[in-house]
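> Can you look at this prediction? I've put the sequence above it.
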Amino acid sequence: MEVVRLRVNGDERVCGVPAHYTLLEALRYGLGLTGSKQGCDKGDCGACTVIVDGRAILSCITPVWEAEGREVRTVEGLANGTETHPVQDEFDLNGAAQCGFCTPGILCSSVALLDRNPSATREEIRTALAGNLCRCTGYEKIYDAVEAAAARLDG
Amino acid sequence: MERNGSGAAAADGSARAAAGRAEQGGEGSSLNTIGRPMRKVDGLAKATGRARYTDDIRLPGMLHGKILRSPYPHARIVSIDTSRAEALEGVHAVVTGRDMPTSYGIIPWTPDEYPLCLDRVRYIGDGVAAVAAIDEDTAISALDLIDVAYEELPAYLDPHEAIAAEGGPYIHEPRKPGWNGNVTKVVKLEFGDVDEGLDDADIVVESDYFFEGTTHTPIEPHCAIGLAEGDGRLTVWSATQVPHYLHRELARVLEVDPAKVRVIQPPVGGAFGGKSEPFDLEFCVAKLSMMTGRPVKILYTREEVFYAHRGRHPFHMKYRTGATREGMLTSVDAEIVLDGGAYASFGLVTTYYSGQLLTAPYRMPAYRFHSTRAYTNKPACGPKRGHGSVQPRFAIEVQLDRIAERLEIDPIELRRRNFIGANTRTVNDLRVTSNGFLECLEEVERASDWKRKHRRLPYGRGVGVAGSTYITGTNYPIYPNEMPQSGVQLQVDRSGRVAVFSGASEIGQGVDSMVAYVVAEELGVPLEHIRVLAGDTDFTPVDLGAYSSRVTFMLGNACIEASRKLKAKVQGAVAEAWEAKPRDVLLAGGWAVRAGDTGTSMPLREAFNLAEAKFGTLGATGSYNTPKDVHGSYRGATIGASPAYSFTAHVAEVEVDPETGFVTVEKIWIAHDCGRALNPVLVAGQMEGSAYMGFAEALMEEQIFKSADQGREGLHNAPSLLDYRIPTSLDTPALESLIVESIDPEGPYGAKEAGEGPLHPSIPAIANAIHDAVGVRMDSLPFSPPRVWRALRAVEGKAPAGARAGRVAAVGVAQ
């Protein structure tokens, strides 16, 4: 067991994890933040995507100690208190989450994109989500949602 | 409180507006909730990470399980020694097939599997033993300490070889002496005189097709938790799409009183048919918990999901299709070999579906199919979105394209001419009611600008069309019984809230939301006052599961029935208070309003309270069962029968690089007759998701297994999401949904299915578009660059110089 200190969604957290744990395992099993999902455990599907220092990264292939001293943001930390992030709200309005399993990762990729480029175009959104597999939607409704959120954030 | 006078008018303006709509004649125009874009009941939970999937659940003292899997495609188990694993610190229990020696199978007539193999393994990945330990790492270590002695048997990877085998050892014991144990099922059916139809035809088109196997790959791997308690109760949480069937099989196989078994289905992270029967992990977590007294969880690795499979069967198909000079079909003859993998799964049904579901939307005067499902030593195939009918649909729609080309008829026009119509029977005696296929064709023709594009785009670019039909639920449950296929229970509390207890399985298709929309529509309750409590066999009525596109139609009708029973009570109580007729009490927008006197109204909560005072605690049940006069009486006639059929047409536009064979699908226009779109956003989502999945099968996905000369015969070549390529956002074409509403006479508000039908035409539309682009017929899936490149090289040299001429020359070759 190793003790790691993580700053997650604004909270300073300390947890004991096996030395080989990934950031995803530390979040899910160490901290109980089960919003980030495990779909493949080897960086293929993107369901585990979280935001570290503003960048969308794959937490299932990130050793937990690499996240120490950095700002980690997960799907649980996207809302501002009780106010959901516009991307979350637009996901609901546009039917962008069907089974919802890829959704946390896609939201994190989207928020990372919009944080650096609030006026992202549909094509830029499409490119930014290339590392997140969705098996339900055919992606159209996801683009609709992120585009609508961009309009709200940029407007 | 009764409100009168102008003072109330502003406050209940929305009620009046809603009631006004409710008063207008005709169901379509009077709908308040149905037909509008609305939020999903679980949309925000899923968008905030709060939705708790099976693997998100941790129970106190929970153990973690792992399953040891066969390294051989076909072998006898000589012995299993688990003693070293049991002795490992941290291991609490080990089970083998001997601990659960009762066979099962989702289809009651073909129970050919065991929770863990008894004495024979039949594919690489077949489960042999399972361990429960304090954590996953310990469980994985313990698997290495289980000693299994195998005696290898010859493996069958090719279905034709399996069928041709004479003498054992077969993959399964023959059901009768002298039979071939490598054959699951043979179906031969003929309707009308096929040979005469072919003889009388002006042209006969004959081709062979191969549909490669593909798998579902939901992003959530299968996961289950078992909890056996001291009083004999057993609870299993599982990412399943059939909690009721799982409930039955757990009880039967583990010999537990079904009244003590509880199956809970948390939100499921995608299924597509891949979670529609019991799997080894569900039996193992239950058994291991019964042995240890502690909760046990098993989560498949992604690799294991590929072994669990139950995906699309590879089909080897031969079609002969006759037509008149005018393009009218005279006869269709099909011979099909299905590659079933190691177990029957739904294969009996798949074998029927391979032929039964092809008989619309086109009229076929004569039709014959002869389908044989073979066992092979590969992961078992089963139902994947569009179960059993996506493969023959590919073939017949390419056949139609060939006929259109030979006769120089526009392929959309050819399909129009053969339209079977509404309110009719198919050649195999399936009852068809509503049918919006012509509108579907019209929509894709218009939206894609077909007339300007087909046969007119420059070489390398083309458009293709295809149509299809699909069932809206199966007419009969998997195990014979007369009980309803779907049930729901409503309960009203004093706050005005309505709780809906639904046994249906939310797998992302939006069924929980559909339930809420229907109840909101019928009772006039605001959506936010409806709680849908679903997927728990302890307190929800039986629904058979999320398969065969049955849920909206069946559960939707059950919800209408329950809501209307409840509504009658509320109307009765309020009518008494107002001294009005019950039918003049309208429920809409959160209010009870008097018809013709919208100044007289009360909040629904008060109306519910009045009803509770008059009738006692308010609740109602509703259920749905299928009509039984919708099919013929021949053996097999019930398979393929459905209370309603959906219809779809696609146009795909492609760009083919003749140098590399790389196909880019630019866009797919999807027109789908869903009867009525209860929520158009969700219907479009199903249409787009379907077309995406079909596109993926057309161009990218294939299940490949190593052959003997590659070493490790029967090993899945690519059990990962990197190597088994599913489309990313950058691979996926633009998708445009065009909803067609034919308003089915028996569907809830006229609704039919939307979740599976729209997948079918993607594949043949793309094949036909490739032909339009470069003049080659792609009859084997997937249309990957090497295959397209080879097809192009095969016609090279036969084509005169010049791009346009190349197209013309290839047409001749393709016949």
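That came in fine, so what should we check first? Numbers count the residues shown, from 1 in each chain, chains lettered A, B, ... in the order given.

> Spit out the contact partners of the most centrally placed residue in chain A.
For chain A, the residue sitting closest to the mean C-alpha position, by Cα atoms, centre = their mean, is residue A:108 at 2.8 Å. Residue A:108 sits next to A:49, A:50, A:51, A:56, A:73, A:74, A:75, A:78 when contact means Cβ atoms under 8 Å, 6 or more residues apart in numbering or on different chains. Using the backbone N, CA and C atoms, a C-beta is placed for each residue, glycine as well.

> correct me, but the second one touches residue A:73?
Yes. Shown here, residue A:50 and residue A:73 form a contact pair, counting by Cβ atoms under 8 Å, at 6.5 Å.

> For my notes, confirm the residue nearest to the centre of chain A occurs in a helix.
Yes. Judged by DSSP: H, G, I helix; E, B strand; the rest coil, residue A:108 forms part of a helix.

> How about it: what's its closest non-neighbour residue?
Nearest non-adjacent residue to residue A:108, counting by Cβ to Cβ, 6 or more residues apart in numbering or on different chains: residue A:49, 4.6 Å away.

> How much space separates that neighbour from residue A:111?
Distance, residue A:49 to residue A:111, using Cβ to Cβ, to the nearest Å: 10 Å.

> of the two, who's got more company?
residue A:49 (29 against 24; other Cβ atoms under 10 Å in any protein chain shown).

> I figured that one was touching residue A:130, is that so?
No. Residue A:49 is beyond contact range of residue A:130, at 11.7 Å (criterion: Cβ under 8 Å).

> Next up, the contacts around residue B:236.
B:224-227, B:246, B:250, B:261-264, B:282, B:285-286.

> check whether the helix or strand that contains residue B:519 contacts chain A.
Residue B:519 is located in helix B:511-523, with elements delineated by DSSP states H and E. No. Counting by Cβ under 8 Å from any Cβ of the partner chain, chain A has no neighbours in helix B:511-523; the shortest distance is 9.2 Å.

> Tell me how far residue A:65 lies from residue B:517.
Where residue B:517 is concerned, residue A:65 sits at a distance of 48 Å (Cβ to Cβ).

> Could you do residue B:399 as well?
40 Å.

> who has more neighbours, those two?
In this view residue B:399 and residue B:517 are compared by other Cβ under 10 Å, and residue B:517 has more residues nearby, 27 against 22.

> Do I have it right that that one meets residue B:34?
Yes. Shown here, residue B:517 and residue B:34 form a contact pair, counting by Cβ under 8 Å, at 6.0 Å.

> Now the common contact residues for the two.
B:678, B:679.

> if I pick residue B:507, what's in contact with it?
Residues near residue B:507 by Cβ under 8 Å, 6+ apart: A:99, B:241, B:268, B:270, B:271, B:275, B:546.

> which residue packs closest to the fourth one, ignoring adjacent ones?
With sequence-adjacent residues excluded and distances taken as Cβ to Cβ, 6+ apart, residue B:270 is closest to residue B:218, at 2.9 Å.

> So that neighbour lies in a strand, does it not?
No. Under three-state DSSP, residue B:218 falls outside any strand and is assigned coil.

> ok, it - contacts?
A:99, A:101, A:135, B:268, B:269, B:270, B:271, B:272, B:274, B:275, B:305.

> how much space between it and residue B:705?
21 Å.

> which residues touch the closest residue to chain A within the stretch 501-650 of chain B?
Taking Cβ to the nearest Cβ as the measure, the stretch 501-650 of chain B has residue B:508 as its residue closest to chain A, at 2.9 Å. The neighbourhood of residue B:508, defined by Cβ under 8 Å, 6+ apart, consists of A:98, A:99, A:100, A:101, A:136, B:268, B:269, B:270, B:271.

> neighbours around the spatially closest residue to residue B:281 that is not a sequence neighbour, how many?
Setting aside the residues directly before and after it, residue B:281 is nearest to residue B:298 in space (Cβ to Cβ, 6+ apart), at 4.2 Å. The tally of other residues near residue B:298 (other Cβ under 10 Å) stands at 30.

> confidence score at residue B:628?
In this model, residue B:628 is scored at 89, pLDDT.

> Could you list the domains of chain A?
A:2-77, A:86-154 (automatic domain parsing).

> Help me confirm that the residue of the stretch 501-650 of chain B closest to chain A is found in a strand?
No. Counting by three-state DSSP, residue B:508 falls outside a strand, being coil.

> which residue packs closest to it, ignoring adjacent ones?
residue A:99 is the one closest to residue B:508 (Cβ to Cβ, 6+ apart), at 2.9 Å.

> per-residue pLDDT, the residue of the stretch 501-650 of chain B closest to chain A?
97.

> cool, and residue B:9?
On the pLDDT scale, residue B:9 gets 36.

> Nearest to chain B: which residue in chain A?
Counting by Cβ to the nearest Cβ, chain A gets nearest chain B through residue A:35, at 2.3 Å.

> Skip the chain neighbours and tell me the closest residue to that residue.
residue B:49 (2.3 Å).

> any idea how far residue B:177 is from chain A?
Going from residue B:177 to chain A by Cβ to the nearest Cβ, to the nearest Å gives 45 Å.

> before we move on, what about residue B:72?
25 Å.

> Surely that residue is within a strand?
No. Residue B:72 sits outside any strand when classified using three-state DSSP, being coil.

> check contacts around whatever residue of chain B ends up closest to chain A.
Nearest residue of chain B to chain A, counting by Cβ to the nearest Cβ: residue B:49, 2.3 Å away. Residue B:49 makes contacts with A:33, A:34, A:35, A:36, A:74, A:75, A:76, A:104, as judged by Cβ under 8 Å, 6+ apart.

> which strands and helices sit next to the following helix or strand past the helix holding residue B:519?
Heading C-terminal from helix B:511-523, the first helix or strand you meet, by DSSP H and E, is strand B:530-534. Helices and strands touching strand B:530-534, by 3 or more Cβ pairs under 8 Å, 6 or more residues apart in numbering or on different chains; DSSP states H and E, are strand B:498-502, helix B:511-523.

> Let's have those in JSON lines, adding mean pLDDT.
Formatted as JSON lines, those follow (pLDDT from 0 to 100):
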{"stretch": "strand B:498-502", "mean pLDDT": "98"}
{"stretch": "helix B:511-523", "mean pLDDT": "98"}
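
> which of the ones you listed sits most buried?
For those, the largest average neighbour count (mean count of other Cβ atoms under 10 Å in any protein chain shown) is found in helix B:511-523, namely a mean of 26.

> Next, the buried residues of the helix or strand hosting residue B:576.
Per DSSP H and E: residue B:576 is located in helix B:551-578. Within helix B:551-578, the residues that count as buried by 16 or more other Cβ atoms under 10 Å in any protein chain shown are B:551-563, B:566-571, B:573-575, B:578.
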